[in-house]
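Student: Sequence first, predicted coordinates after that:
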Amino acid sequence: MHPAFHLETALIQKKCNFASSKIIMMVDTLEHIAADSKVRRAMQAEYWTEIIDCILQYNPEVEIVDGTFKTVLVRNKNLAFHLLPVPFARKDLPGQEDPAGLHTPTFFQEQSLEYASRGIQSVHLWQDVWVAKQKIVRSRIAVLSGSGVRIMARRTKLRRITRDVMFDFFATNHLQGFVDARYNYGLFSGGQLLAAASFSSGRKMKRNGITVRSFELLRYANLLHHRVTGGLGKLIAHFIKDVNPGDIMTYADLDWSSGRIYQTLNFVQTAVTPPLAFWIHPAEMIRYSPHRLPKNLTNEFCTQERYTDMDDFLKDKGYEKIHNAGNLKYLLICNC
């Protein structure tokens, strides 16, 4: 056989082998995606079942609405729990097309504001929050659903608490944990700390052309499965008497609150803050801010050459980008 034919035959064989390898790789990838899909669906089903069982435990008067995500309506409390799995949807999986509008940054904020306008408190319960803070979430569900121990603030004693006591209390009872603060107060009954609030140091601010000392209410929380009725009002009133602030500002987390408690205390809504983005890997269920990613990821991104955009790099690593509902900003004028 002519040498040219030998060369042509070898090239054809090489192309066939390469094509076969690509087909095998594609089959392996599809099988991996299908297996991954089954695991994800099983995790979502387990998550939904656990949350719904938890809600039913504290209030059986519910209606479950199916959709891209499940919504549990607690009719007798004007309350809606939106159960949000991680990830929401996968474009590369059959039956998991990305729903129109769901992944826009403002979707959940608009939903929260719409529910609030109808007098319904909307809670966006992400799967990673359930996994990481299940005890606190169960407590919040119980209290919002009308269960839990109710204590009147007038039956409690108010006193300053130390940083260590504040740290332990908020780490155990607040979804966002503790934060450094200048002023920390607690409400006690029988020696037990039932509720706490922390405030920042004062800052000079211009309000209507007048310089005032402005403070921030940083944290407020009740003991798990407790509600101190009038507790926040009592703590704020004592802080005003103790410190004499010009005003107090604070934020209501739209994932969990409609801000109604601040309105009853004469706070005025001054702004709606933009939703924040987070990255979560479904296998880890740990939420990362784009500016606080693990060092191993940022180091790898800086050394690789395939991606110039961090978002594309994280997606390739299996991370999912989500957006919370943002916050409502409130202001209480203390000295006119």
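Tutor: Good, I have the coordinates.
Student: Which strand in this protein has the most residues?
Tutor: As assigned by DSSP state E, the longest strand anywhere in the chain is strand 210-222.
Student: Describe which strands that strand pairs with in its sheet and in which direction.
Tutor: strand 192-199 (antiparallel), strand 203-207 (antiparallel), strand 247-253 (parallel) (DSSP bridges).
Student: and after that strand, which helix or strand comes next?
Tutor: strand 226-229 (DSSP states H and E).
Student: Okay, buried residues for the next helix or strand after that next one please.
Tutor: Counting by DSSP H and E, the element after strand 226-229 in chain order, helix or strand, is helix 231-243. If you call a residue buried by 16 or more other Cβ atoms under 10 Å, then helix 231-243 has these buried ones: G231, L232, K234, L235, I236, H238, F239, V243. Placement of C-beta: from N, CA and C, glycine included.
Student: Packing partners of helix 231-243?
Tutor: For helix 231-243, the contact count by 3 or more Cβ pairs under 8 Å, 6 or more residues apart in numbering; DSSP states H and E identifies strand 157-160, strand 183-189, strand 192-199, strand 210-222, strand 247-253 as packing neighbours.
Student: which residues does G186 form a beta bridge with?
Tutor: Beta bridges link G186 to R159, A196, judged by DSSP bridges.
Student: Please look at it and V165 and confirm they touch.
Tutor: Yes: G186 lies in contact with V165 (Cβ atoms under 8 Å); the separation is 7.1 Å.
Student: Compare the two (neighbour count), which wins?
Tutor: Using other Cβ atoms under 10 Å as the criterion, G186 and V165 rank with G186 on top: 23 against 14.
Student: Just the pLDDT for the more buried one.
Tutor: Listed pLDDT for G186 reads 98.
Student: Kindly report the same for the one 4 residues further on.
Tutor: The score at G190 is 93. That number is its pLDDT.
Student: and it, how many neighbours?
Tutor: 8.
Student: and what of Y251?
Tutor: 18.
Student: Skipping its backbone neighbours, what lies nearest it in space?
Tutor: Spatial nearest neighbour of Y251, excluding adjacent residues (Cβ to Cβ, 6 or more residues apart in numbering): N327 at 4.1 Å.
Student: who wins for proximity to G119 among the helices and strands packed on helix 231-243?
Tutor: strand 247-253 (15.7 Å; Cβ to Cβ).
Student: The following helix or strand past that closest one: which residues count as buried?
Tutor: Proceeding N to C from strand 247-253, the next assigned helix or strand is helix 260-264, under DSSP H and E. By 16+ other Cβ under 10 Å, the buried positions in helix 260-264 come out as Y262.
Student: With stretch 136-152 instead?
Tutor: Buried, per 16+ other Cβ under 10 Å, within stretch 136-152: I136, V137, R138, S139, R140, I141, A142, V143, L144, S145, G148, I151.
Student: Likewise for stretch 42-50?
Tutor: M43, Q44, Y47, W48, E50.
Student: what does stretch 246-263 give?
Tutor: Counting neighbours by 16+ other Cβ under 10 Å, one finds that the buried residues in stretch 246-263 are 246-259, 262.
Student: Could you identify the most distant pair in the residues you listed?
Tutor: Greatest spatial distance among the buried residues of stretch 246-263 (Cβ to Cβ): G246 and D255, at 29.8 Å.
Student: List of residues touching stretch 136-152?
Tutor: 51, 54-55, 57-59, 74, 76-77, 79, 81, 121, 123, 125, 129-130, 172-175, 189, 194, 222, 224-230, 256 (Cβ atoms under 8 Å, 6 or more residues apart in numbering).
Student: just the buried members of those?
Tutor: Applying 16+ other Cβ under 10 Å to the contacts of stretch 136-152 flags 51, 54-55, 58-59, 74, 79, 81, 121, 123, 125, 129-130, 173-175, 189, 194, 222, 224-228, 230, 256 as buried.
Student: which one of the buried residues of stretch 42-50 is nearest L293?
Tutor: Proximity of the buried residues of stretch 42-50 to L293 (Cβ to Cβ) peaks at M43, which lies at 23.3 Å.
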